[in-house]
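K.L.:
model this:
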Amino acid sequence: MIGRDGRRSVRLRPGGFGGWRPAAREARTGWPVLVVLAVLSAVLTVATLLWPPVFDRLATKEVARRLDVAQVNGPLLKAVASVNPPVDGKGASLAPRFGTLDEDLTRVGEGMRQSSSGELARSLVRVSGWAQAAGMELSGDGVPQPHGNPGVLSLVYAQDAADRVRWVAGRAPGLPADPGKAPVELGLSAASLEQFGLKVGQRVHFSGPPGGTGFTDAVVVGEFEPLDGSDDLWRELPLLNSPMDSQDRPSVYIRYGQAMVSAAGLEAMEARGSRSLDATWVFWTAEQPWGTAGTAAGAAELSSGARGFGEALAMAACGGVVSDRFPCHAGTRTMAPPTLTQQVSGLADAFAVQRVRTVVLQSFALAGLLSVGVSTAVAAARLGARRREGALALQRARGAGEPALAAVRLLEAVPAALAGLLAGWAVSVRWSGGRPLGAWWPAAVAVALVACAPAVAVWWQGREARRAGREPVRRRGLKRALGLSARPAAEGAVLLLAVVGVLQLRLRGAVPAGAGTDPQMALVPVVLGLAAVVVVLRVYPVPLRLVTRWARRGRGAVALVGLAQAGRRSGAAATALLVLVPALACAVFGALVSGTVREGRAEAARWRTGGDAVVLGPSQRALPVDGLGKVPGVAGVLQVRGGQGTLTSDEDGAKLRGVGLVGVDPAELARFEPSSRLAAALAAPELAEPLAEGAELPALADRATADRFPDGAFDVDAGISRFRARIVGTLPDGAAADRAIGPVVGDAGTAGGLLVFGGPGAERLPKQSGQRNAAVLFADPGRPGSAAGAGRIDAERLRTVVAGSAAAAGAGGGGAAGGAISRGAPIEIRYLDRELRESSADGLVSALDTAFQASAAIGLLLGLLAVVLELLLSSVERGRVLAHLRTLGLGGRAAAGVQLVQLLPVVAAAVVGGTLLGLALPWLLGPALELRAFTQGPGAPAFAPDWAGVAVAAVGLLVLVPCAAALEGVAGRGRVPRVLRLGEGG
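P.N.:
Just a heads-up that it's a prediction; the model follows:
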């Protein structure tokens with residue numbers, strides 16, 4: 001169009017924005033903000049997509065560690081079966097078939113291992129087997145009879161024993177020269193030779209009914225010693241290394257042992273009439289780095305695979321027909337259907353519960369990080385809108401509509417956000433290590449909000465401009481009825497949403513163990529962060545005015561001018577607080593959770609140990625209390641009886657299953673623990689009265705059981721034993737956490753309740769099969785256990801005393817030879833210092849710390865960026881004020897001090913608001929924050945913040961003040977005048 005002056009003019013379409021070319025030129029001028037948005041999009045995308053694979057990898061390492069720790073006491077999966085000698089089609093014996101036993105064991109073991117599937121198949125790294133003939137009485141010229149009775153030896157062939165021993169005399173057993181008549185060749189350990197009175201080269205005679213064999217001759221051809229005495233072979237076959245004396249009948253002791261033979265030795269035994277061999281296959285597990293057991297789904301798959309492995313391996317070994325009536329083919333032999341004992345499912349189930357809780361808390365940290373990133377994008381968008389304020393005002397004056405201006409900003413931001421999204425995806429794929437990436441929708445939502453931030457900032461700027469240039473309008477509808485403006489209405493909505501979310505979480509409680517992620521648990525704290533910002537913004541001006549009044553009475557101008565400037569821009573602090581408060585709250589909450597879990601795990605370790613150390617033994621056999629008291633470093637021993645039973649109430653016949661039964665002498669407990677409330681309660685006269693034969697045993701019950709059955713009498717079914725019990729009082733609060741309770745019920749649990757017996761009742765508590773008594777050891781009686789006290793106890797001497805005790809004899813592989821602490825044996829020694837080290841080595845807790853630390857670090861860095869952007873946003877206005885002051889004579893250092901003081905109120909408000917919110921979150925979330933799954937203690941752990949972590953987060957935020965001021969000074973250098981020139985105004 002040609003105007004009257006002959007010049008070409010551009011007519012704007014009403015509501016337009018001036019055309020694409022001006023928009024493109026304008027986009028080029030705003031590239032710094034677009035770069036910030038692209039970087040934020042990339043960071044949030046990487047955080048969202050890499051979050052699961054990174055922490056799944058850490059959790060997988062923890063699964064591997066737990067499997068290794070659990071297998072210290074033996075394999076977690078073991079199959080056993082009875083193997084019969086080879087026969088022809090008519091049932092006639094084909095023995096001996098030399099060279100077939102080892103092949104048959106390998107074929108069956110590998111077939112069973114390959115029958116596993118899923119996560120279990122990836123975890124089964126090795127299978128080894130052994131076979132043994134039943135024990136036979138040992139006799140011969142010069143062979144002594146220990147305890148006046150013949151010793152008993154069983155012959156064992158272990159597939160992987162050859163690489164685990166060193167022959168110190170003679171040679172390894174081999175193929176007999178004459179399989180039908182030649183003596184079977186034996187290899188014995190030094191301890192076995194000594195305790196059976198044998199020597200290399202000596203001939204012996206076996207007699208007895210080993211599956212039908214009446215007798216056979218043997219010769220000792222070698223003496224061996226283990227290369228590693230802690231090797232799993234000796235834990236599984238302890239009698240092979242050290243014989244054991246067992247009391248079979250009153251005053252009748254028999255010495256049992258095992259001798260090593262070659263596969264040919266057992267094949268020769270088959271030729272001499274042995275009708276069967278006992279075969280065992282052990283499956284060793286190790287979680288691979290690429291495994292998926294670190295996820296809740298992978299742990300559940302591992303657990304279900306272990307539960308179904310027994311049926312799968314039986315099907316694999318028996319060809320699809322599993323029946324005791326039909327033998328299964330084992331190469332050239334036949335065997336009974338194998339049976340499996342496994343502990344993997346329990347370990348995986350416990351891990352899965354903890355992993356779910358970890359994911360829930362980590363999702364909270366991720367949600368906090370995403371909200372901080374979006375808030376930082378808002379700060380960048382506000383800066384971009386302010387830098388274009390003149391151009392946007394001109395476009396509005398020429399008729400451009402707000403929707404069109406916002407659409408242009410959106411079109412500018414979308415490519416930058418998409419570029420950041422794609423860059424973040426590429427980085428995530430590169431660093432994921434082949435693991436599945438996280439869900440896309442959180443990243444997409446965060447990037448979409450980042451892309452929309454410039455459009456919203458421009459729209460909000462136009463709204464403020466319209467409100468500033470027009471008369472107040474008459475309110476209508478809800479605003480008129482409530483008398484609310486937009487800001488109070490928005491703030492009220494945020495506060496109401498936060499209250500509703502908190503109430504719903506507290507009513508709902510913790511997410512079920514198998515529910516997976518918990519979006520509500522992740523989002524409610526974010527809403528609480530927004531609510532905290534609302535409250536801080538409302539409270540912020542009040543202390544600022546008070547401090548400003550105080551500054552007026554001072555002589556210096558720096559504090560007064562800085563605080564006055566902060567007061568003038570109190571509304572502009574919203575963006576910085578929107579970033580800083582949630583970032584610090586997330587850091588403080590993470591420090592609180594970390595401190596609570598670590599202290600709770602340490603307290604649970606103390607509870608399970610009871611004192612400085614504890615010896616746990618079968619309730620049927622007495623622990624060597626006198627011997628334990630003489631161990632160097634032990635100054636006192638407290639005996640505790642344990643058990644578990646089912647109660648049947650006399651009132652209504654109700655049954656309570658899984659009730660913990662504990663017996664302890666209150667006087668002894670008071671001596672070792674003077675402040676024990678349990679000891680004071682057990683000193684009641686009702687518990688100290690003498691008891692007649694068959695009388696009811698008086699006991700104190702936990703509060704829930706006592707309230708349900710006041711003065712109730714029960715029949716107690718404790719396995720093979722039954723007795724009567726009566727509740728005569730209630731246990732004091734916190735009694736379940738007493739040191740006398742943990743050692744005997746920490747593993748068994750008290751899901752059905754707890755009964756504690758004292759005095760004569762404790763002495764009458766029946767000896768229950770499958771349960772253990774405890775001897776709690778104290779280095780300093782009267783003081784709580786400590787790592788230092790545990791370190792003073794002579795561990796080697798303690799082990800020797802336990803190994804040589806009657807409690808260890810016949811306990812599944814221990815005995816006087818020193819092998820008492822072995823797999824399957826109910827004897828266990830716990831040291832407090834070792835338990836504390838184990839409690840601090842949990843990989844899930846470390847992964848949780850890593851999540852919150854990473855979120856806090858990135859959040860504080862984004863907070864630094866937000867403060868810098870906020871300073872750049874107000875740089876022109878602050879620069880003119882400083883120019884006025886410097887024209888009036890203010891020095892350079894004082895000018896820098898004014899800028900620093902301007903930031904102090906915002907940072908102080910962020911520190912106070914973020915710290916208070918982080919400390920209040922556990923109380924606000926209530927039962928939804930379930931931490932007991934991590935601690936495994938007697939109850940929910942008491943909140944114990946990691947004050948060092950809280951201080952580091954707060955100090956880190958305070959450090960942002962000089963850093964932000966320095967960065968803003970560098971970025972804004974030269975943009976504002978140092979002094980006013982002649983003719984310039986403010």
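
K.L.:
When you work out contacts or count neighbours from here on, use the C-alpha atoms and nothing else.
P.N.:
OK.

K.L.:
Identify the spatial nearest neighbour of Ala910, chain neighbours not counted.
P.N.:
Val581 (5.0 Å; C-alpha to C-alpha, 6 or more residues apart in numbering).

K.L.:
can you pull the contacts of that neighbour?
P.N.:
For Val581, the contact set (C-alpha atoms under 8 Å, 6 or more residues apart in numbering) comprises 529, 532-533, 910-911, 913-914.

K.L.:
Which of those has the largest number of neighbours?
P.N.:
Of all the contacts of Val581, the highest neighbour tally under other C-alpha atoms under 10 Å goes to Gly529, namely 31 neighbours.

K.L.:
For burial, what's the neighbour tally of Asp163?
P.N.:
9.

K.L.:
what separates it from Ala681, distance-wise?
P.N.:
Remark: distance between Asp163 and Ala681 (C-alpha to C-alpha, to the nearest Å) = 58 Å.

K.L.:
Phe55 reaches Ala847, doesn't it?
P.N.:
Yes: Phe55 is within contact range of Ala847, at 6.5 Å (criterion: C-alpha atoms under 8 Å).

K.L.:
from the contacts of Val581, which two are the most distant?
P.N.:
Farthest-apart pair in the contacts of Val581 is Gly529 and Val911; separation 13.1 Å (C-alpha to C-alpha).

K.L.:
tell me what the longest strand seen in the chain is packed against?
P.N.:
Determined from DSSP state E, the single longest strand within the chain is strand 636-649. If you count contacts as 3 or more C-alpha pairs under 8 Å, 6 or more residues apart in numbering; DSSP states H and E, strand 636-649 packs onto helix 625-629, strand 655-664, helix 666-672, strand 713-718, helix 742-745, strand 772-778.

K.L.:
partners of that strand in the sheet?
P.N.:
strand 655-664 (antiparallel), strand 713-718 (antiparallel), strand 772-778 (antiparallel) (DSSP bridges).

K.L.:
And those strands: which comes nearest Thr332?
P.N.:
For Thr332, the closest of the strands paired with strand 636-649 is strand 772-778, at 44.1 Å, according to C-alpha to C-alpha.

K.L.:
does Ala218 sit in a helix, a strand or a coil?
P.N.:
strand (DSSP: H, G, I helix; E, B strand; the rest coil).

K.L.:
wait, what's in contact with the residue lying closest to Phe283 once chain neighbours are set aside?
P.N.:
Spatial nearest neighbour of Phe283, excluding adjacent residues (C-alpha to C-alpha, 6+ apart): Val127 at 4.5 Å. Contacts here follow C-alpha under 8 Å, 6+ apart; on that basis Val127 touches 109-110, 113, 281-284.

K.L.:
Now do the SS call for Val127.
P.N.:
strand.

K.L.:
What of Phe206?
P.N.:
Phe206 - assigned by three-state DSSP - is strand.

K.L.:
Isn't it up against Ala218?
P.N.:
Yes: here Phe206 reaches Ala218: they are 7.4 Å apart, a contact under C-alpha under 8 Å.

K.L.:
returning to that earlier point: need the contacts of Val127 in JSON lines with neighbour count and secondary structure, can you?
P.N.:
Shown next, in JSON lines, are these (neighbours: other C-alpha atoms under 10 Å; DSSP: H, G, I helix; E, B strand; the rest coil):
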{"residue": "Gly109", "neighbour count": "25", "secondary structure": "helix"}
{"residue": "Glu110", "neighbour count": "19", "secondary structure": "helix"}
{"residue": "Arg113", "neighbour count": "23", "secondary structure": "helix"}
{"residue": "Trp281", "neighbour count": "25", "secondary structure": "strand"}
{"residue": "Val282", "neighbour count": "22", "secondary structure": "strand"}
{"residue": "Phe283", "neighbour count": "21", "secondary structure": "strand"}
{"residue": "Trp284", "neighbour count": "19", "secondary structure": "strand"}
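
K.L.:
out of those residues, which one sits closest to Ala591?
P.N.:
Out of those, the member with the shortest distance to Ala591 (by C-alpha to C-alpha) is Trp284, at 37.8 Å.

K.L.:
Quick check: closest non-adjacent residue to that closest one.
P.N.:
In space, Trp284 comes closest to Arg126 once its chain neighbours are excluded; the distance is 5.3 Å by C-alpha to C-alpha, 6+ apart.

K.L.:
do you know how far that neighbour is from Phe309?
P.N.:
15 Å.

K.L.:
just for the stretch 351-500 of the chain, where's the confidence low?
P.N.:
464-487 (pLDDT under 70).

K.L.:
Please tell me the pLDDT value assigned to the closest residue to Leu638 other than its chain neighbours.
P.N.:
Leaving aside its sequence neighbours, Leu638 sits nearest to Val776 (C-alpha to C-alpha, 6+ apart; 5.0 Å). On the pLDDT scale, Val776 is placed at 91.

K.L.:
Quick check: Val776 touching Trp607?
P.N.:
No: using C-alpha under 8 Å, Val776 is not in contact with Trp607, being 11.1 Å away.

K.L.:
Tell me which of these two has more neighbours.
P.N.:
Legend: neighbour count by other C-alpha under 10 Å for Val776 and Trp607, higher for Val776 (27 against 23).

K.L.:
does that one have beta-bridge partners, and which?
P.N.:
With DSSP bridges as the rule, Val776 is bridged to Val614, Leu638.

K.L.:
Would you enumerate the residues in contact with it?
P.N.:
For Val776, the contact set (C-alpha under 8 Å, 6+ apart) comprises 609-615, 637-640.

K.L.:
top helix in this protein by residue count?
P.N.:
Longest helix in the chain, counting residues (DSSP state H): helix 344-387.

K.L.:
And the next helix or strand past that one?
P.N.:
Next helix or strand after helix 344-387 toward the C-terminus (DSSP states H and E): helix 389-397.

K.L.:
Just the buried residues of that next one, please?
P.N.:
Using 16 or more other C-alpha atoms under 10 Å as the test for burial, helix 389-397 gives 392, 395-396.

K.L.:
Residues in contact with stretch 686-705: which ones?
P.N.:
Here stretch 686-705 has contacts from 682, 723-733, 753-761, 764, using C-alpha under 8 Å, 6+ apart.

K.L.:
now the helices for the stretch 101-250 of the chain?
P.N.:
For the stretch 101-250 of the chain, the helices defined by DSSP state H, counting those that start in this stretch cover 101-114, 118-123, 190-196, 232-236, 238-241.

K.L.:
for this protein, what helix or strand is lowest in average pLDDT?
P.N.:
Least confident helix or strand of the chain, by mean pLDDT, DSSP states H and E, is helix 477-482 with a mean of 50.
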